[in-house]
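# got a sequence here, can you model it:
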Amino acid sequence: MTLFKVKVRAEARRNFLVSTATHCFAIDVKAKPENGSANAAAILLLAQHLGVEAKRLRIVRGASSPNKLVALLG
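Modelled structure (predicted):
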């Protein structure tokens, strides 16, 4: 299992991901932070960047916070 620190900014102008350090990412998503839609968008963007299926990524900590800990399973 690999852990990533992720900072998500919801309601951004565009979807964008940047690696800030090893295993650390800043992600901007257009989605609003309602009903988990911003989290889902961030997971999809991170999965695309890592080249894995989104179902292999889980938010371990920080589901309701901009600062999250995401695990890559398997």
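
# quick check, central residue of this structure?
The chain has A42 as the residue nearest its centroid, 3.7 Å off, counting by CA atoms, centre = their mean.

# what sits against that residue?
Residues in contact with A42 (CB atoms under 8 Å, 6 or more residues apart in numbering) are V6, V8, I27, V29, K68. Where you see a C-beta, it was placed from the backbone N, CA and C, and this is true even at glycine.

# contact partners for the third one?
What it means is I27. Taking CB under 8 Å, 6+ apart as the definition of contact, the neighbours of I27 are V6, K7, V8, R9, F16, L17, V18, A42, L45, L46.

# secondary structure of the residue nearest to the centre of the chain: a strand, I assume?
No - when the secondary structure is assigned by DSSP: H, G, I helix; E, B strand; the rest coil, A42 falls in helix instead of a strand.

# distance check, it against N67.
Using CB to CB, to the nearest Å, one obtains 12 Å as the distance from A42 to N67.

# got phi/psi on R14?
For R14, the backbone dihedrals (degrees, to the nearest 10) come out as phi -150, psi 160.

# now do it, the pLDDT please.
Per-residue confidence at R14 stands at 97 (pLDDT).

# that one contacts K30, correct?
Yes - between R14 and K30 a contact is recorded at 6.6 Å, counting by CB atoms under 8 Å.

# all helices for the chain, in order.
With DSSP state H, the ranges of helices along the chain come out as 37-50.

# for the record, mean pLDDT for the strand ranked longest in it?
Among all segments of the chain classified by DSSP state E, the strand with the greatest residue count is strand 2-9. The average pLDDT for strand 2-9 rounds to 97.

# what helices and strands are in contact with that strand?
Packed against strand 2-9 by the contact rule (3 or more CB pairs under 8 Å, 6 or more residues apart in numbering; DSSP states H and E) you find strand 24-28, helix 37-50, strand 67-72.

# where does the protein dip in pLDDT?
Applying pLDDT under 70 to the chain flags no residue at all.

# follow-up on the earlier one: between A42 and N67, which contacts overlap?
A shared contact of A42 and N67, defined by CB under 8 Å, 6+ apart, is any residue touching both; here these are V6.
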